[in-house]
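Asker: this one's sequence-less:
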C-alpha cells in the first residue's frame with residue numbers, strides 16, 4: 001500500500017502547484033508535459049515490467065521501481081528548469097510503471113480468491129485517498145512552503161516502503177503450471193468462477209522447480225516502448241499542441257502504425273516475448289483487456305470534466321468542486337470490497353455486466369439534471385457511479401488473475417492495466433475534442449456580444465455531450481463482455497501461491 005501510494009499521490013499532488021512551478025521555472029507553454037510525460041512513461045513500461053516480474057520475480061522488479069521512483073523524485077526537487085523537471089518526471093514515471101502493475105500482481109500472489117477483493121479494495125482506498133488528499137497537499141506545500149517539497153515528501157514514504165518490501169516480502173518456489181500457447185488451454189484442472197470459495201488456496205501438492213535460464217526480449221521491449229510513446233504523444237497532444245489533421249499529428253499516428261507492425265513481427269519471433277500472443281488468443285484475457293480499455297475511456301468524463309462543470313455551472317470553488325468528484329472515490333472502494341459476495345453467487349462476468357449497465361444508466365441520467373441545479377445532484381450521481389464501477393474493475397481484474405498461473409500473472413495484470421491506461425488517454429483526446437466542438441458551436445450561435453453570460457450554458461452542454469459519450473463507451477464494454485467473455489471464467493483450481 002505504501003508503494004502504491006507513491007504512484008497514486010504523485011498523479012494528483014502536482015496539479016495544484018503548477019502556478020508556483022511555472023512562476024519559478026517558466027515554461028508555461030510546455031507545462032502540460034509534467035503530467036503527459038509521467039503518464040507516457042507509466043503506460044508504455046507496464047507490459048515490460050509485467051514480463052520482467054514473471055521472469056525474475058516480483059520483489060526485484062518492485063524494489064527497482066521504488067528506487068527509480070525515488071531517484072526521479074529527488075531529481076525533480078533539484079530541477080533548475082521546466083525542461084529538466086519534465087525529464088525527471090519521466091524518470092519518475094519509469095519507476096511508477098513498476099509500482100502500479102507489480103503491486104496488483106503481488107496482491108493476487110499472496111491471497112486466495114476469496115480474500116483478494118478485500119486486499120484490492122484497500123489498494124483502491126489508497127487511490128481514493130490520494131485523489132482527495134493529493135491536490136490539498138500540493139496546494140499546501142506550494143502556497144505555504146516550497147513546491148519542491150511535493151517531490152521530497154516521497155523520500156520518507158518510499159524509504160519505508162523499500163525497507164518493508166526488502167525485509168518482509170518473500171517469494172518461495174512456485175508450482176510448474178505450464179500453458180499451451182497454441183490453444184490457450186492448460187493441463188491443470190479448472191473450475192467455474194461461481195464457486196468463489198477460495199479453493200485456489202495453494203493447498204495442493206507442489207513440485208519444486210529450478211529457475212531456468214531466461215532470455216529477456218529487449219528488442220521487443222524497446223519496440224513496445226517506442227510505439228506506445230508515439231501513439232500516446234499523438235493522443236495527448238492532438239488538438240492541444242497542434243490540430244488533429246496537422247503534419248505533426250499525422251506523422252505521429254503514421255509512425256505508431258508502422259512501429260506497431262514492426263513490434264508484432266519482433267514479438268512473433270521472440271523466444272520470450274514481452275507481450276505473448278496468448279494475451280489476445282485467450283477469450284477471457286482479451287475480453288477483460290478490451291472492456292477495461294473502454295472503462296478507462298469512460299472514467300475520463302467525470303474525472304476530467306466534472307470539476308469544470310461544478311465551478312462554471314454550479315458556481316463552486318475549486319475545493320468544493322473537488323468534493324463533488326470525491327463522492328465517486330468514496331463509494332468505489334466500498335462497492336469493490338463487497339463485490340466478492342456478488343461474484344461468488346453470479347460469477348465474474350455477470351457481476352461486471354451488472355456494474356457496467358448501472359454505470360451507463362447513471363451517465364445517461366447526467367444530461368437530465370436541471371440547469372443549473374444543486375451540488376448534491378451531481379454528487380449523488382457520482383456516488384452511484386462509483387458504486388457501479390466498483391462492481392466492474394475489481395471483479396474483472398481478480399477474475400482474470402485467477403485464470404492464469406504465477407508465471408503468467410504479471411504479464412496478464414500488466415496487459416489489463418496497459419489497456420485501461422490507453423483507454424484513458426484515448427478518452428482524454430476524444431472527449432476533449434467533443435467538448436471543444438460543442439463549446440465552439442455554442443459560442444458561435446450565441447454571438448460575441450456577451451460571451452461571458454453564455455459560458456455556463458455552453459459548459460453545461462459540452463459536459464452533457466461528454467457524459468453521453470462516456471455512456472457509449474460503457475455500452476461498448478457491455479457488448480464486449482456479452483459477446484467475447486466466457487459465461488464462466490476458467491478459474492484454476494490449484495493456485496500456485498506460497499504454502
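Answerer: Yep, that arrived. Since the structure is predicted, the reported quantities are computational estimates derived from the model, not experimental observations. Numbers count the residues shown, from 1 in each chain.
Asker: now the element after the helix or strand residue 434 falls within, going C-ward?
Answerer: Assignment of secondary structure by DSSP states H and E places residue 434 within helix 406-446. Sequence-wise, the next helix or strand downstream of helix 406-446 (DSSP H and E) is helix 451-483.
Asker: what helices and strands are in contact with that next one?
Answerer: helix 283-300, helix 306-312, helix 348-365, helix 406-446 (3 or more C-beta pairs under 8 Å, 6 or more residues apart in numbering; DSSP states H and E). (Each C-beta comes from the backbone N, C-alpha and C, glycine too.)
Asker: tell me the buried residues in that helix?
Answerer: For helix 451-483, a neighbour-count test (16 or more other C-beta atoms under 10 Å) marks 454-456, 458-467, 469-471, 473-478, 480-481 as buried.
Asker: what about the following helix or strand past that helix, average pLDDT?
Answerer: Note on helix 451-483: by DSSP H and E, the next helix or strand toward the C-terminus is strand 491-492. Averaging pLDDT along strand 491-492 yields 84.
Asker: can you list the strands that strand 491-492 pairs with?
Answerer: Its sheet considered, strand 491-492 pairs with strand 190-191 (antiparallel) by DSSP bridges.
Asker: circling back to that earlier point, do you know which of the helices and strands packed on helix 451-483 lies nearest residue 248?
Answerer: Nearest to residue 248, of all those, is helix 406-446, at 14.2 Å by C-beta to C-beta.
Asker: now the angle between helix 283-300 and the closest one, please.
Answerer: 30 degrees (axes from the mean of the first three to the mean of the last three C-alpha atoms, to 10 degrees).
Asker: show me what helix 406-446 is packed against.
Answerer: By 3+ C-beta pairs under 8 Å, 6+ apart, helix 406-446 packs against helix 33-56, helix 82-110, helix 218-237, helix 278-281, helix 283-300, helix 393-401, helix 451-483.
Asker: ok, now with 10 Å
Answerer: Packing partners of helix 406-446 (3 or more C-beta pairs under 10 Å, 6 or more residues apart in numbering; DSSP states H and E): helix 33-56, helix 58-77, helix 82-110, helix 218-237, helix 278-281, helix 283-300, helix 393-401, helix 451-483.
Asker: care to break this structure down by domain?
Answerer: 1-170, 179-203+276-499, 217-271 (automatic domain parsing).
Asker: just list the residues touching residue 102, thanks.
Answerer: Going by C-beta atoms under 10 Å, 6 or more residues apart in numbering, residue 102 touches 3-4, 46, 49-50, 52-53, 57-66, 165, 410, 413-414.
Asker: quick one: the residue nearest to it when sequence neighbours are not counted from residue 115, how far?
Answerer: Counting by C-beta to C-beta, 6 or more residues apart in numbering, residue 102 lies nearest to residue 62, which is 4.6 Å off, once chain neighbours are set aside. Applying C-beta to C-beta, to the nearest Å, the value for residue 62 to residue 115 is 20 Å.
Asker: returning to what we had before: of the domains of the chain, which shows the lowest average pLDDT?
Answerer: Lowest mean pLDDT within those: domain 179-203+276-499, a mean of 80.
Asker: residues of stretch 301-309 that come out buried?
Answerer: 301-307, 309.
Asker: what do you get for stretch 235-246?
Answerer: 235-239, 241.
Asker: can you put these in a markdown table and add distance to residue 316?
Answerer: Listed next are the buried residues of stretch 235-246 as a markdown table, based on distance: C-beta to C-beta, whole Å:
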| residue | distance to residue 316 |
| --- | --- |
| 235 | 30 |
| 236 | 28 |
| 237 | 30 |
| 238 | 30 |
| 239 | 27 |
| 241 | 30 |
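Asker: in these, find the pair that's most separated.
Answerer: Spanning the widest gap among the buried residues of stretch 235-246 are 235 and 241, at 11.6 Å by C-beta to C-beta.
Asker: now the common contact residues for those two.
Answerer: With C-beta under 10 Å, 6+ apart as the test, residue 235 and residue 241 both reach 36, 249.
Asker: for residue 415, see how far away residue 151 is.
Answerer: Distance from residue 151 to residue 415, by C-beta to C-beta: 30 Å.
Asker: sorry, slip of the keys, the one I care about is residue 115.
Answerer: With C-beta to C-beta as the criterion, residue 115 and residue 415 are 24 Å apart.
Asker: any idea which residue sits dead centre in the protein?
Answerer: residue 421 (4.6 Å; C-alpha atoms, centre = their mean).
Asker: now that one: closest residue in space that isn't a chain neighbour?
Answerer: residue 43 is the one closest to residue 421 (C-beta to C-beta, 6+ apart), at 4.2 Å.
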